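Enquirer: Using only what follows, build the 3D model:
(one chain, ligands or ions: 1)
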Amino acid sequence: MTDANLTLHDFTALLASFEAEAAPAMTGAASADALDAVRATYLGRAHGWLKDLSAKLGQLEKADRGAAGKAFNEVRLRVEAALEARRTELSPRREAGTLADPSMPARRSWVGAVHPVSQVLDEMIEIFRELGFTIALGPEVETPWYNFGALNFPPDHPAMDLHDTLYISDDAVLRTHTSPVQVRTLQAWAPPIRVLIPGNVHRRDPFDASHAPTFAQVEGLVVDEGITFADLKATLTHFAKRFFGATKTRFRPSYFPFTEPSAEMDVLCGVCDGSGCGVCKQSGWIEILGSGLVHPSVLESAGVDSEKYTGWAFGMGPGRTAMARHGIPDIRILYDSDVRFLSQFAR
Ligand code: DAH
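Expert: Residues are numbered from 1 along each chain as shown. Predicted structure coming up:
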């Protein structure tokens, strides 16, 4: 039994003559319109030659249909490729000389760069890691007690004012500094403690050339028996030498509720070598951090025996550090994600 009236040999011959005619017709089409007409003749879905050939597949012996179908598809793909190649050659962009012109210069690809603030952060972490510090993190939404109370802020301290701090509710604030993580760390771990605490903090500041409402801080905390101000000074001086290659550093007395005594640390301005310039605002020095011995009442708030243990802490801003390092005059550019700015920091 068979309804076959076409042999595989005949079908293959039909395919060959189709290809022999269709492919050169595609290649030879002189315009996009001519190519469309050629396409309709040979590949048109309704009445094209290829459509007729596919109908003939049904006239073959069942056993031959597999091989015939495969040959059919191969020819179809080659003719379609000839069509697409010619279409590309005839496209208006090609005519204007902007496509696939081997004499055109290659388009430069954008290569990302680590953000200058992240670079600073990474370097800071690496230097303290070498000294045996581990990383601790804390929540950005804090209770007023962790953010202020446990850190020995008096109840009427202006920092707690609605004017300066973003309150989410009566008992939730966006942390204004990373210092609350000191308290959380002391509650969670027993001394000896040596931690570095990077994180974002939030203040109710206008977004201007020198203030951002959200910025990064890095906090450090060391608590053990017998820790003194000498440990603070030696460690932070080592850090300044490593990080800034600083030739000179100085400590100035300062005040923070959570440290006593407190000190700010300056490094000699690397841009002018201390003679005064725009970067150091003519002072010759750049302030890099606040620090001090952890106030006994902070240790006690966290449940640490302040008779037995002492500690020191510091806080610094990698954003300001990056600005000083690169002479960046406006903090807002750090937030713009402008690839023309950022690509300068590729290493
Ligand atoms: N928390 C302070 C601020 O945000 C920075 C700071 C100063 C942190 C002194 C400290 C410190 O740990 O000892 O301005």
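Enquirer: list the helices and strands the longest helix anywhere in the chain packs on?
Expert: Across the chain, the helix with the greatest residue count (assigned by DSSP state H) is helix 62-90. Judged by 3 or more C-beta pairs under 8 Å, 6 or more residues apart in numbering; DSSP states H and E, the packing partners of helix 62-90 are helix 8-28, helix 32-43, helix 49-56. Placement of C-beta: from N, CA and C, glycine included.
Enquirer: So which residues on the stretch 51-200 of the chain come close to the ligand?
Expert: Proximity of the stretch 51-200 of the chain to the ligand (C-beta under 6 Å from any ligand atom) is limited to residues H177, S179.
Enquirer: returning to what we had before: got the angle for the longest helix of the chain vs helix 8-28?
Expert: Interaxial angle, helix 62-90 versus helix 8-28 (axes from the mean of the first three to the mean of the last three C-alpha atoms, to 10 degrees): 10 degrees.
Enquirer: buried sites along helix 62-90?
Expert: 64-65, 68, 72, 75-76, 79-80, 82-83, 86-87, 90 (16 or more other C-beta atoms under 10 Å).
Enquirer: Go through those and name the one nearest M316.
Expert: R87 (61.0 Å; C-beta to C-beta).
Enquirer: That closest one touches S31, doesn't it?
Expert: No. R87 is beyond contact range of S31, at 11.2 Å (criterion: C-beta atoms under 8 Å).
Enquirer: So out of everything in the stretch 1-150 of the chain, what residue is nearest the ligand?
Expert: N147 (9.8 Å; C-beta to the nearest ligand atom).
Enquirer: Equivalent analysis for the stretch 51-200 of the chain, please.
Expert: H177 (3.3 Å).
Enquirer: for this structure, what spans make up the helices?
Expert: Under DSSP H, the chain gives helices at 8-28, 32-43, 49-56, 62-90, 92-95, 116-130, 144-147, 180-188, 229-244, 296-301, 318-326, 339-342.
Enquirer: Need those helices in a markdown table (columns: mean pLDDT).
Expert: Formatted as a markdown table, the helices of the chain follow (pLDDT from 0 to 100):
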| stretch | mean pLDDT |
| --- | --- |
| helix 8-28 | 89 |
| helix 32-43 | 88 |
| helix 49-56 | 86 |
| helix 62-90 | 88 |
| helix 92-95 | 60 |
| helix 116-130 | 97 |
| helix 144-147 | 96 |
| helix 180-188 | 98 |
| helix 229-244 | 96 |
| helix 296-301 | 98 |
| helix 318-326 | 91 |
| helix 339-342 | 88 |
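Enquirer: out of those, which comes closest to T310?
Expert: helix 296-301 (8.0 Å).
Enquirer: What residues of that closest one count as buried?
Expert: So helix 296-301, judged by 16+ other C-beta under 10 Å, has buried residues P296, V298, L299, S301.
Enquirer: thinking again about what came up before, what's the local residue count around the residue of the stretch 1-150 of the chain closest to the ligand?
Expert: 24 (other C-beta atoms under 10 Å).
Enquirer: hang on, the earlier thing: doesn't Q217 make contact with the residue of the stretch 51-200 of the chain closest to the ligand?
Expert: Yes. Contact criterion C-beta under 8 Å: H177 and Q217 qualify, at 6.1 Å.
Enquirer: intersection of neighbour lists for those two?
Expert: Common neighbours of H177 and Q217, using C-beta atoms under 8 Å, 6 or more residues apart in numbering, are V201, G315.
Enquirer: nearest spatial neighbour of A23, skipping sequence neighbours?
Expert: With C-beta to C-beta, 6 or more residues apart in numbering as the criterion, A23 has its nearest non-adjacent residue at 4.6 Å, and that residue is A82.
Enquirer: for L186, same thing?
Expert: Closest to L186 by C-beta to C-beta, 6+ apart is A302, at 3.5 Å.
Enquirer: Give me the nearest residue to D231, chain neighbours excluded.
Expert: W312 (6.2 Å).
Enquirer: S179 now?
Expert: L151 (5.5 Å).
Enquirer: check contacts around the one you found.
Expert: S179, P180, Q182, V183, P257, F258, V298, S301.
Enquirer: what's the distance between it and G311?
Expert: Shown here: L151 relative to G311, a distance of 13 Å by C-beta to C-beta, to the nearest Å.
Enquirer: circling back: any idea how far the residue nearest to A23 lies from D36?
Expert: Counting by C-beta to C-beta, the gap from A82 to D36 is 14 Å.
Enquirer: Kindly report the same for T235.
Expert: Distance from T235 to D36, by C-beta to C-beta: 77 Å.
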